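Asks: With the sequence up front, the predicted model follows.
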Amino acid sequence: MLQVSVLRNDPQWAKERLILKGFSQPELVDTIISLDDQRKKTQNEFDHNQSQVNLASKQIGGLMAKGQTQEAEALKATVAQLKTTLDPLKESMQQIEKQLHDTLVLLPNLPGALVPAGKSAEDNEVVREGGLRKELPANAQPHWDLINQYRLVDFETGAKITGRGFPLYIGKGAKLQRSLVQYFLDYNTAAGYTEYLPPFMVNEASAFATGQLPDKEGQMYFMEADQFYLIPTAEVPVTNIYRDTIVKEEELPIKMTAYSPCFRREAGSFGKDVRGLNRVHQFEKVEIIQIVAPSLSYQVLDEMVAHVEKLIQSLELPYRILRLCGGDMGFASALTYDFEVFSAAQERWLEVSSVSNFESFQTNRMKCRYKDAQGKMQFTHSLNGSSLALPRILACLLENHQTEAGIEIPKVLQPYFGQEIITLP
RNA sequence: GGAGAGAUGGCAGAGUGGUCGAUCGCGGCGGUCUUGAAAACCGUUGACUGUUAAAGGUCCGGGGGUUCGAAUCCCUCUCUCUCCGCCA
């Protein structure tokens, strides 16, 4: 959620930034400022009357104590009179505040200075490429064929148990998933991130705080009976650890990592690029999250990008890093870098990580603040990234490391997986 | 699911209708003393809103009610703890 003060400060600039993000109603900025004016005006009037009521009530107390009941009764009558003006004022104040909040919440975060203009994925900027594309055997295959031959994942049975998009991992496939999760968590904790295992369902307040609500309402699974949402990413429960808290400056930066399954309805996005593990309703992911002082957030963003980059390098995969353009960024983000790994057999890039700085967009919704050196209350900044998302990494590992002899396991994973190569069953 | 107890400022914990936004303690900050530190002593220390700055207003888990006046009384919801039941 944006701060009204930011919009007031330079409405024209704010509108331009919103347009860069592809937001279709920049005029809401003016609506918000005018609502805020109304709010101030109404509140002022209300406060004035309330103050008179408070004063009179105190006087009544004094008069009663002295036994001057007649004077007290007279004052009571004036208070009663004043109070009739209070209720309608309060009502309209609440109404204005709600309207203001409901409108404010519709605005996406303003894109940061580095964000390139553009409407879609084609306009993203390639920051750099890395890793080696291995020479593949002549009969190289896409992962959806490999997982069948090697008996790693069974989509049909997953569909029978639940529905399409719920893969069932089997044998070495399941173990490879588990090895990756463990490796990623160890890698993250070695870099100073504290590991959490969070709840996989969240309440409405949590889903709102990180920006999933109201923006992505239809994308989350919802448990009607208990009013819980299945998490689309560990970002939601983990970031919410710090909802409604005031942290000490010396506690910053707060570095957290968590594994979780992720549930996404992917409503409307099926039909294309959905084969195999490319897009599923349930997948595993290890997330990294930081809460930091505002002045450091972009430096931390670079650190997180470097952190994820090394992790992908260690898996010996060819990758590239993109800086997302305004139109392709998420609702809550101010700057996002996507990591894509080259899927050799599909001959296309697959997104495996997304690292973002949310600045104070989430922390304003969450009310996560700290006192700076001057003793002033400020919103912290929050950042997060996948480190890493699993099914696509699995797909890329299979495709990029397939050889005549079998699927080679990267060195760093071998201690976790327990063998160097997966051979045909 | 049933019964009981509870929810107050960073923590701990008083306060049961009228200068209570809230005693005291711990912690934090500032100071005295000290070469420095500790101890001791003194002072200070919630958030939001509003204003150039004030004043003023709001907040004692959430919502509603009673009253001239509510942290305090009533209703309701949520959560926590203890016991019972069920259960991986």
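Replies: All right, it came through fine.

Asks: From now on I want contacts and neighbour counts done on CA atoms only, so please keep to that.
Replies: Fine.

Asks: Would you tell me which residues of the stretch 1-150 of chain A are close to RNA strand B?
Replies: A:40, A:44, A:46-48, A:50-58, A:60-61, A:64, A:76, A:79-80 (Cα under 7 Å from any atom of the strand).

Asks: Please name the nearest non-neighbouring residue to residue A:276.
Replies: In this structure, residue A:276 finds its nearest non-sequential neighbour in residue A:144, 4.9 Å apart by Cα to Cα, 6 or more residues apart in numbering.

Asks: number of nearby residues for that neighbour?
Replies: For residue A:144, the count of nearby residues is 19 (other Cα atoms under 10 Å).

Asks: Quick one: low-confidence residue ranges for chain A.
Replies: Along chain A, segments meeting pLDDT under 70 span A:268-274.

Asks: Can you verify residue A:257 is assigned to a strand?
Replies: Yes - Residue A:257: assigned to a strand according to DSSP: H, G, I helix; E, B strand; the rest coil.

Asks: which residues does it contact?
Replies: A:185, A:188, A:189, A:193, A:194, A:195, A:196, A:286, A:287, A:288, A:289 (Cα atoms under 8 Å, 6 or more residues apart in numbering).

Asks: Go through these and single out the one with the most neighbours.
Replies: Within the contacts of residue A:257, residue A:288 tops the neighbour count with 30 neighbours, counted by other Cα under 10 Å.

Asks: show me what contacts it?
Replies: Contacts of residue A:288 (Cα under 8 Å, 6+ apart): A:188, A:193, A:235, A:255, A:256, A:257, A:258, A:384, A:385, A:386, A:387.

Asks: try residue A:158
Replies: A:164, A:165, A:166, A:167, A:168.

Asks: Going by distance to RNA strand B, which of these wins?
Replies: residue A:168 (20.4 Å; Cα to the nearest atom of the strand).

Asks: What backbone torsions are found at that closest one?
Replies: Main-chain dihedrals, residue A:168, degrees, to the nearest 10: phi -110, psi 120.

Asks: Helices along the stretch 51-200 of chain A, start to end?
Replies: A:69-104, A:143-149, A:155-161, A:172-190 (DSSP state H, counting those that start in this stretch).

Asks: Let's see stretch A:41-53 as PDB, backbone CA atoms only.
Replies: Only the C-alpha atoms of stretch A:41-53 are listed here, as PDB (Å, rounded to 0.1, in the frame of the first residue of the first chain):
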ATOM      1  CA  LYS A  41     -11.700  18.300   7.200                       C
ATOM      2  CA  THR A  42     -14.300  16.000   8.800                       C
ATOM      3  CA  GLN A  43     -11.900  14.800  11.400                       C
ATOM      4  CA  ASN A  44     -11.100  18.300  12.400                       C
ATOM      5  CA  GLU A  45     -14.700  19.100  12.900                       C
ATOM      6  CA  PHE A  46     -15.300  15.900  14.800                       C
ATOM      7  CA  ASP A  47     -12.300  16.400  17.000                       C
ATOM      8  CA  HIS A  48     -13.400  20.000  17.900                       C
ATOM      9  CA  ASN A  49     -16.900  18.800  19.000                       C
ATOM     10  CA  GLN A  50     -15.500  15.800  20.800                       C
ATOM     11  CA  SER A  51     -13.100  18.000  22.700                       C
ATOM     12  CA  GLN A  52     -16.000  20.100  24.000                       C
ATOM     13  CA  VAL A  53     -17.800  17.100  25.100                       C
END
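
Asks: Contacts made by it with the rest, please.
Replies: Stretch A:41-53 is touched from outside by A:79, A:82, A:83, A:85, A:86, A:89, A:90, A:92, A:93, with contacts defined as Cα under 8 Å, 6+ apart.

Asks: Just the buried ones from those residues, in ChimeraX syntax?
Replies: Entered in ChimeraX, the line below selects the buried ones among the contacts of stretch A:41-53, by 16 or more other Cα atoms under 10 Å:
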select /A:79,83,86,89,90,93
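
Asks: Format the contacts of stretch A:41-53 as a markdown table; extra columns: distance to residue A:420.
Replies: Converted to a markdown table, the contacts of stretch A:41-53 look like this (distance: Cα to Cα, whole Å):
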| residue | distance to residue A:420 |
| --- | --- |
| A:79 | 83 |
| A:82 | 82 |
| A:83 | 79 |
| A:85 | 79 |
| A:86 | 76 |
| A:89 | 73 |
| A:90 | 70 |
| A:92 | 69 |
| A:93 | 67 |
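
Asks: So which of the contacts of stretch A:41-53 is the closest to residue A:249?
Replies: residue A:93 (35.1 Å; Cα to Cα).

Asks: correct me, but that closest one touches residue A:36?
Replies: No - assessed by Cα atoms under 8 Å, residue A:93 is found out of contact with residue A:36, at 10.5 Å.

Asks: Residues in contact with both of these two, list them for me.
Replies: Common neighbours of residue A:93 and residue A:36 are not found (criterion: Cα under 8 Å, 6+ apart).

Asks: So for the residue of the stretch 301-425 of chain A found nearest RNA strand B, what's the nearest residue that isn't a sequence neighbour?
Replies: Closest approach between the stretch 301-425 of chain A and RNA strand B, counting by Cα to the nearest atom of the strand: residue A:377, at 5.0 Å. Excluding its sequence neighbours, the residue lying closest to residue A:377 (Cα to Cα, 6+ apart) is residue A:371, at 4.5 Å.

Asks: next one: phi and psi at that neighbour?
Replies: Torsion angles, degrees, to the nearest 10, at residue A:371: phi -100, psi 120.

Asks: Please apply the same query to the one 4 residues further on.
Replies: Backbone torsions for residue A:375, taken as degrees, to the nearest 10, come to phi 80, psi 10.

Asks: Count the neighbours of it for me.
Replies: A total of 8 residues lie near residue A:375 under the criterion other Cα under 10 Å.

Asks: and the gap between it and residue A:382?
Replies: 20 Å (Cα to Cα, to the nearest Å).
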